[in-house]
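J.: A predicted structure for the sequence below; I have some questions about it.
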Amino acid sequence: MSQPGPEPRPGSDAPSGLRVLVIDDERPALDELSFLLEQDPRVRGVLTSDSATEALRLLQDLDVDAIFLDIQMPGLTGLELAQVLSRFRSPPPIVFVTAHEEHAVEAFDLRAVDYVLKPVRAERLAEAVRRVVEGARSPAAGSDEQIAVERGGVTRFLNRSDIRYVEAHGDYARLHTPDGSHLVRTPLSVLEEQWGPAGFVRIHRSLLVALGHVDEVRTDAGRCTVLVGGAVLQVSRRHTRELRELLTRSRP
């Protein structure tokens, strides 16, 4: 186990930056990830461990702002360590860093902040740090569900709060966000039931919208549409009145 690395660099966020723990049983991977994190101005200190069991002992007495964790390790695996940490009163956010993409669903179930595949690219790691920082700044971050999506063999995690609307595609659903759209293997009816309490409402047989992302409601010749992030979406007649009532109650 190493001690915190370099002193805060001039111009960084320190001392308010992140103190992170990196865990990987392979020394070259551990050194590379530590080096990349030390270059990030949002990180003020890096601890390292080549054993999940050793790291767990350290975490009994040490507070860190985030953990960057490998999955396949001898003894206690990264997933097993994450399960143990989930029982802590205030578990640190976890970013899995692994060469094995098949564990993404398990990582999602453990509410990982991100899932980064090796070999690690600096810009991809910077995105993971951004997610950690934004989660720390948001008081509601702990209640914002994360959704696992796949594109081109890469699994990413979306914050549900970033999803503007959802479009039905048979037994699938397409999630529309500011960064693009993502297909998930979940029917629209299931998402409607699960995400209703989070402000997602049906406006058409093939559409759910997030009330918080509705910018305008338009009526033309008796037809109602909503503007959501630049997209004009049709509201069916049977859902128009309910939508207006919901928007009135949700926006004083």
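T.: It's in. As the structure is a prediction and not an experimental result, all values here were calculated from the model. Numbering: from 1, shown residues only.
J.: any idea where the helices of the stretch 1-150 of the chain begin and end?
T.: 27-38, 52-59, 78-85, 104-109, 122-137 (DSSP state H, counting those that start in this stretch).
J.: Going by neighbour count, list what's buried in the first one.
T.: The one in question is helix 27-38. Neighbour counts over helix 27-38 (16 or more other Cβ atoms under 10 Å) mark 29, 30, 32, 33, 34, 36, 37, 38 as buried. (Glycine included, C-beta is placed from N, CA and C.)
J.: Contacts only, for the residue lying closest to the third one once chain neighbours are set aside.
T.: Yep, that's residue 32 we're talking about. Leaving out its chain neighbours, the residue that sits closest to residue 32 by Cβ to Cβ, 6 or more residues apart in numbering is residue 120, at 6.9 Å. By Cβ atoms under 8 Å, 6 or more residues apart in numbering, the contact list for residue 120 reads 32, 33, 36, 97.
J.: Okay, now the unreliable bits of this protein?
T.: 1-16, 105, 108-109, 137-143, 248-252 (pLDDT under 70).
J.: Kindly state the domain boundaries assigned to it.
T.: 18-158, 163-250 (automatic domain parsing).
J.: Just checking the distance from the last one to the centre of its chain.
T.: In terms of Cα atoms, centre = their mean, to the nearest Å, the centre of domain 163-250 is found 21 Å from the chain centre.
J.: Likewise for the first one?
T.: In terms of Cα atoms, centre = their mean, the centre of domain 18-158 is found 12 Å from the chain centre.
J.: which one of the domains of the chain is the most hemmed in?
T.: Ranked by mean neighbour count, the domains of the chain are led by domain 18-158 with a mean of 17 (mean count of other Cβ atoms under 10 Å).
J.: Just the terminal-to-terminal distance for that domain.
T.: Here the two ends of domain 18-158 are set 22 Å apart, with distance taken as Cα to Cα, to the nearest Å.
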